[in-house]
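> What follows is a predicted protein model with its sequence.
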Amino acid sequence: SAVISQKPSRDICQRGTSLTIQCQVDSQVTMMFWYRQQPGQSLTLIATANQGSEATYESGFVIDKFPISRPNLTFSTLTVSNMSPEDSSIYLCSVATGGTDTQYFGPGTRLTVL
Amino acid sequence: KQEVTQIPAALSVPEGENLVLNCSFTDSAIYNLQWFRQDPGKGLTSLLLIQSSQREQTSGRLNASLDKSSGRSTLYIAASQPGDSATYLCAVRPSAAGNKLTFGGGTRVLVKP
């Protein structure tokens, strides 16, 4: 299994500012994933982060809005830039590990943009 | 494009009743299917993972079945308890190399004491 922690757990931010979310895993993993869950919705993959290379973004998500860092095999950050109220969501970090490739999720960061 | 549907969107049962949660997917070419639990405002907890070659998985009061050919999975929770109240999500993974999970919309469960 994998234990994932995220910081901050929640934040309230002003429109136009940026927030960086940190994700720490208790074991080394090749890929880390960032998901977004908008209010009342299911999860949508934002991007996949590999250590030592550029993140791969899904359709509808761009690097300028959601820059990602992956400095080592246990850590990643997601920045939500130039925020608007539409960015209010839960942001979740995830990894797949183990022989069965079970997907594990962090506790999430609950972001409210005013 | 894979689509995952969970019906019903919400379910309310008295304590002790068995829960049956449904998940359907349009593309049967999947690598695995995973069931998660999500408490309000929280992250996801993995409940069960079924590989495409398996028909079911069990853990305690939970049993998940998979019928890949018909594009269906069912999560059974026996003898429900108020602590089982949560949203249950299913997600499919397309291949061993493809890590993008496609999620259903979830079923919100309330178990009344």
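Noted; the coordinates are in hand.
> Enumerate the beta-bridge partners assigned to the residue nearest to the spatial centre of chain A.
Geometric centre of chain A, nearest residue: A:W34, 3.3 Å, by Cα atoms, centre = their mean. Beta-bridge pairing of A:W34 under DSSP bridges involves A:A47, A:C93.
> how many neighbours does the residue lying closest to B:A96 once chain neighbours are set aside have?
Counting by Cβ to Cβ, 6 or more residues apart in numbering or on different chains, the nearest residue to B:A96 once its immediate chain neighbours are dropped is B:Y31, at 5.5 Å. C-beta: built from backbone N, CA, C; applies to glycine. By the measure other Cβ atoms under 10 Å in any protein chain shown, the count of residues near B:Y31 is 16.
> next one: the one 4 residues further on
Other residues near B:W35 come to 25 when the count uses other Cβ under 10 Å.
> tell me the contacts of B:T107?
B:Q6, B:I7, B:P8, B:A9, B:A10, B:L11, B:L21, B:N22, B:T87, B:Y88 (Cβ atoms under 8 Å, 6 or more residues apart in numbering or on different chains).
> swap the cut-off to 7 Å and go again
By Cβ atoms under 7 Å, 6 or more residues apart in numbering or on different chains, the contact set of B:T107 is B:Q6, B:P8, B:A9, B:A10, B:L11, B:L21, B:T87, B:Y88.
> Could you list the low-confidence segments of chain B?
By pLDDT under 70, the low-scoring segments of chain B are B:98.
> All the strands of it, residue numbers only.
Ranges of strands in chain B, per DSSP state E, are B:4-7, B:10-14, B:19-25, B:32-38, B:44-51, B:56-59, B:62-67, B:72-77, B:86-93, B:102-103, B:107-112.
> before we move on, the earlier item: what distance do you get for the residue nearest to the centre of chain A to chain B?
Per Cβ to the nearest Cβ, to the nearest Å, A:W34 is found 12 Å from chain B.
> before we move on, what about A:R10?
Counting by Cβ to the nearest Cβ - A:R10 and chain B are separated by 8 Å.
> ok, how many other residues are close to that residue?
A:R10: 11 surrounding residues under other Cβ under 10 Å.
> That one against A:R110, yeah?
Yes. Between A:R10 and A:R110 there is a contact under Cβ atoms under 7 Å: 4.0 Å.
> Flag every residue of chain B that's near chain A.
Within reach of chain A by Cβ under 7 Å from any Cβ of the partner chain, chain B has these residues: B:32, B:34, B:41-44, B:46, B:49, B:51, B:89, B:99-101, B:103-106.
> Hmm, B:V92 and the residue nearest to B:A96 touching each other?
No. In this structure B:Y31 lies outside contact range of B:V92 using Cβ under 7 Å: 8.0 Å.
> For the contacts of B:T107, work out which two are farthest apart.
The largest separation in the contacts of B:T107, counting by Cβ to Cβ, is between B:P8 and B:T87 at 12.1 Å.
> more neighbours, the two?
Of the pair B:P8 and B:T87, B:T87 is the one with more neighbours under other Cβ under 10 Å, namely 20 against 11.
> which residues of chain A fall in strands?
With DSSP E as the criterion, chain A has strands at A:4-7, A:10-13, A:19-25, A:31-37, A:43-50, A:56-57, A:68-72, A:75-80, A:89-97, A:102-105, A:109-113.
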